Every structure is written in structure tokens, then in C-alpha cells.
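[1] make a model of this:
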Amino acid sequence: IAHDFNNMLFPILGNIELLLLKSSDYDNETKESLTQVYESALQAKELVRQILNFSRHKKIERQPLEIQNCINTVLKLMQSGIPRNISIKKEIDPSSPPVIADPTQLHQIIMNLVSNGVHAMGKTGGVIKLSLMPVNVSQFGSNARIKPGDYICLSVSDTGMGMSKEVMNRIFEPFYTTKGDEDGTGMGLSVVYGIVKDMDGAIKVHSELGKGSEFKLYFPKQMKKMIASQLHTPDLNERRDMNKDQIHLLFVDDEDMILKVAKSMLDRLGYLSTTMTDPLAALADFRKEPFKYELVITDLYMPHMNGNCLAENIKEIRPDIPILLCTGFSDDITLDLMAQTGISDVLSKPLSIKEISDKIEKILKPKMSII
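    Predicted structure coming up:
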């Protein structure tokens, strides 16, 4: 299912990304609509990855993230579901630095806390306020288990019914909820608590009956050098002088729509490319002209011949050719299997232009420097 879903997401994300690269051709309303669709598709991509990580019990992948961008994305996604009698206010300190976090988890935190506030105000309505600022924590109390230092504080408050001390003592327990059966499972706040603790952060809750509640989340402030090194993204046009038009790639996938998007991406990056839906035909073409291509990119699951088998056959013809395996589900790919079949690296669907650019450059950099 994950493989099929990622295959469906590939052309959606790829086409929108290609359209956004032509953003100067559109008016502001069109650009905003495209951006919202792109962000929603990215959320779907991250959700699939998160589900796979959860089912495999693998460590999640963190990256530098601007919390204010995550707040804006979540509020856009939730906009249609928030009642009109509830207003949203934001107080964002622009000096707030990025945090190292998993994108899906950070979105999940914000979404759960906003949803919690919406439920707390019910039909009466009110105000949900999100604020973000850098703070220095000198002492939190013995039971807070947080080290003194610099943090980024995310506060989400509401003007709802508030909580009693008894409820506050239990809100982070799994399956504990004050909602009805139709409104939730009671996992929301326990998930938030687990994510924040796993990030070496802390949560403080203040609530008064009849006045509302406030959740303050403290995320460790990362060193600027660490953030800068991880935030660097190469310009897609910065290596145009490397004669990419002399590099010919073979891309094999049984999904025609995926090939169309992949070819558009490779064209955008300046590479020559040949795409084929039939691995047997691709093998025959390679056998006829083995030195025509500098790199082969192949899907894993295809009729007639899978990607591993195609890689083995191509390596028998030309052992030095690098091969990228492109798949929507990489659980079956091990280092031993890669060594056995001659696969150089793995690309996970759905791809972004930057991801495919980085992988190709990593593999072909020695060749590109001498062309």
C-alpha cells in the first residue's frame, strides 16, 4: 500500500514543483493555491513516511525547521475545520531560530494542540493564540527534568472551559480524554508529550476552570553552525557549467506518468535522459549500446523483471555503470542486497527535484568534473 501511495504522490508532487518553478508566470492567487496543494502533498508524503517509521520502529529523521512556517502550514490545512466563532491569533518573534525536528511530528504537535483548543471552546467560541519566542530557562523545578539553557518556546492557549487539577494530572496519559467517543481517542496530548520529551524538551501547562488553558512547549535551541550546515541547499542552476547535456541517463519505471514527471525533472536539471516502461526493452537497449549511458535509474517492483534483476543483468554487461534504485518502499533493500546486485544507492519515492539532483551529483561528481 505504501509503495502504491508513494507512486501516486510522485507525479502530484513532481508536477506541482515544476509548476512552482515557473511561478513568475502566475498571479498571486494561483501561486498561493499551488503552494497550498504542494504543502498538502508534502504532508501526505511525510505521513506515509511516519507510518512506515512507526510500523518498523525505526528512528525518525530530523532536520532544521522553522516553527513559524510549520504553524502557518498547519493553520492553512485546518482552516476549513475551525468554526467561524473561533479566531486565531499569532505572536511570532522573528528572531526565533530553527529547531531540529521531524516535520510530521512538529506538524502533529501543533495540530493536536490547536484541535484541543477548538474542542475546549466548543460551541461558545473564543480565541486560540499561538506565540513563539526564544527564551532562557534558568530553573524549571525538580520535576520538570529540563536542563537550564536557551530554548524556543511555543505557546498555544485558548479561552475555553479550562481544566481542573485532577484533569491536568492525567491529560498526558494514553487514551485519557474528556471528549466523547466520536471526538477522539485520547492519544493526542500523550503523543505531543512523547515527541517533546524525545526532543529533550519540556511542556508546562497552566489552566483555570472557566478561563482557559495554555500549553508551553520548550524546544532546545541548536547551535547556529549545526543549523547552517544542515540548511544549505545547492542552487539547481549553480553547476550548469559542468556540461550536464553530455551526461545521458536511463530511467526505467513501469508507471508512464512517473516517467513523464521524472523526465521533466531531469530536463530541468540539464541532463539528457531516455525513459522506458519495460525493463526487458531497457536491458535490450543497454546491451546494444552499453556506453550510451552514464547512469541507470530503475524502479524496484516492475512486471517481467524487477529492479534488482535488471541491475544484475546490466552490471554483467558493464560492471562500472552506477545504478540508482528508485522505490516507494525500501524495506526489502539491504546493504548485502545492494552489494550483490551492484546498486550504488537508493532513491525513495516520491522524489523532489533537489533529492534527485543531490543523488545524481553524488554518484556522477567524479565524471562531471572531468567532462
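
[2] may I see the buried residues of stretch 339-350?
    Neighbour counts over stretch 339-350 (16 or more other CB atoms under 10 Å) mark Thr341, Gly342, Ile343, Ser344, Leu347, Ser348, Lys349, Pro350 as buried. From N, CA and C alone the C-beta is placed, and that goes for glycine too.

[3] please apply the same query to stretch 354-363.
    So, applying 16+ other CB under 10 Å, buried residues of stretch 354-363: Ile356, Ser357, Lys359, Ile360, Ile363.

[4] how close does the nearest residue to Pro98 once chain neighbours are set aside get to Ile100?
    Leaving aside its chain neighbours, Pro98 sits nearest to Pro64 (4.3 Å; criterion: CB to CB, 6 or more residues apart in numbering). Pro64 is 6 Å from Ile100, where distance means CB to CB, to the nearest Å.

[5] equivalent analysis for Asp25, please.
    To Ile100, Asp25 is 36 Å away according to CB to CB.

[6] before we move on, the earlier item: so what are the sheet partners of the one helix or strand the residue nearest to Pro98 maps to and their directions?
    Assessed by DSSP states H and E, Pro64 sits inside strand 63-65. Here strand 63-65 has these sheet partners by DSSP bridges: strand 99-101 (antiparallel).

[7] pull out the buried residues from the helix or strand following the strand it pairs with.
    Per DSSP H and E, the first helix or strand lying C-terminal to strand 99-101 is helix 103-121. Using 16+ other CB under 10 Å as the test for burial, helix 103-121 gives 103-121.

[8] which elements pack onto helix 103-121?
    Using 3 or more CB pairs under 8 Å, 6 or more residues apart in numbering; DSSP states H and E, the elements in contact with helix 103-121 are helix 28-56, strand 63-65, helix 67-78, strand 126-137, strand 149-158, helix 188-198, strand 212-220.

[9] looking at those, which is nearest to His304?
    Smallest distance to His304 across the helices and strands packed on helix 103-121 (CB to CB): 26.9 Å, for helix 28-56.

[10] so which elements touch the helix or strand hosting Val296?
    Assessed by DSSP H and E, Val296 sits inside strand 295-299. The contact analysis (3+ CB pairs under 8 Å, 6+ apart) places strand 295-299 against strand 248-252, helix 279-288, helix 307-317, strand 323-327, helix 353-368.

[11] surely Pro94 is in a strand?
    No - going by DSSP: H, G, I helix; E, B strand; the rest coil, the assignment for Pro94 is coil, not a strand.

[12] so what's the residue count around it?
    7 (other CB atoms under 10 Å).

[13] Leu325 versus that one, what's the distance?
    Distance, Pro94 to Leu325, by CB to CB: 43 Å.

[14] surely Ile171 meets Leu189?
    Yes - taking contacts as CB atoms under 8 Å, Ile171 lies within contact range of Leu189: 5.1 Å.

[15] how about the contacts made by the nearest residue to Leu259 once chain neighbours are set aside?
    Excluding its sequence neighbours, the residue lying closest to Leu259 (CB to CB, 6+ apart) is Thr275, at 4.1 Å. Going by CB atoms under 8 Å, 6 or more residues apart in numbering, Thr275 touches Leu250, Phe251, Val252, Asp253, Leu259, Lys260, Ala262, Lys263.
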